[in-house]
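>>> coordinates only, sequence not included:
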């Protein structure tokens, strides 16, 4: 996604976001000829903030929950990851597209949903194996 205008970059993000069941809506704010900010609202109440500067080629993706970044990737001083478990740290990584970032968010949500369902089942003594064998 390098060397794109803010409009071209926005179109790429909208195209990817529109295909995801996790995405509820989005806002695009083109600040000037070089900079765009996009907010992608997710069905679980979180959102992804996206920043792109065509002049500097800076790209940043951040998953926000309760006003805090819980996961992110950007290329300020080289590509690095802010992992789910410790979003305040930097881990060097390869460049990433929004599609790859959104896929990571979707997978994280699926894992959390599974964990929550498992905890609820355990809390109420639900035997899911027994239910799976029912006709």
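Arrived safely. Source: prediction; values computed, not measured.

>>> give me the number of residues near residue 82?
21 (other C-beta atoms under 10 Å). Where you see a C-beta, it was placed from the backbone N, CA and C, and this is true even at glycine.

>>> Any figure for the gap between it and residue 51?
14 Å (C-beta to C-beta, to the nearest Å).

>>> Pull up the overlap in contacts between the two.
residue 74 (C-beta atoms under 8 Å, 6 or more residues apart in numbering).

>>> Identify all contacting residues around the helix or strand hosting residue 12.
For residue 12, the element it lies in under DSSP states H and E is helix 6-18. Helix 6-18 is contacted by residues 1, 4, 23, 26, 28, 30-31, 33-36, 38, 40, 50, 52, 54, 97-99, 102 when judged by C-beta under 8 Å, 6+ apart.

>>> are any of these buried, and which?
4, 23, 26, 28, 30, 35-36, 38, 40, 50, 52, 54, 98-99, 102 (16 or more other C-beta atoms under 10 Å).

>>> Do a quick rundown of the helices in the chain.
6-18, 98-123, 128-132 (DSSP state H).

>>> need the least confident one among those helices, by mean pLDDT.
Across those, helix 128-132 has the smallest mean pLDDT, namely a mean of 55.

>>> From residue 49, how far off is the nearest residue to residue 24 once chain neighbours are set aside?
Among residues not flanking residue 24 along the chain, residue 41 sits closest, at 4.6 Å (C-beta to C-beta, 6 or more residues apart in numbering). Relative to residue 49, residue 41 is positioned 11 Å away (C-beta to C-beta).
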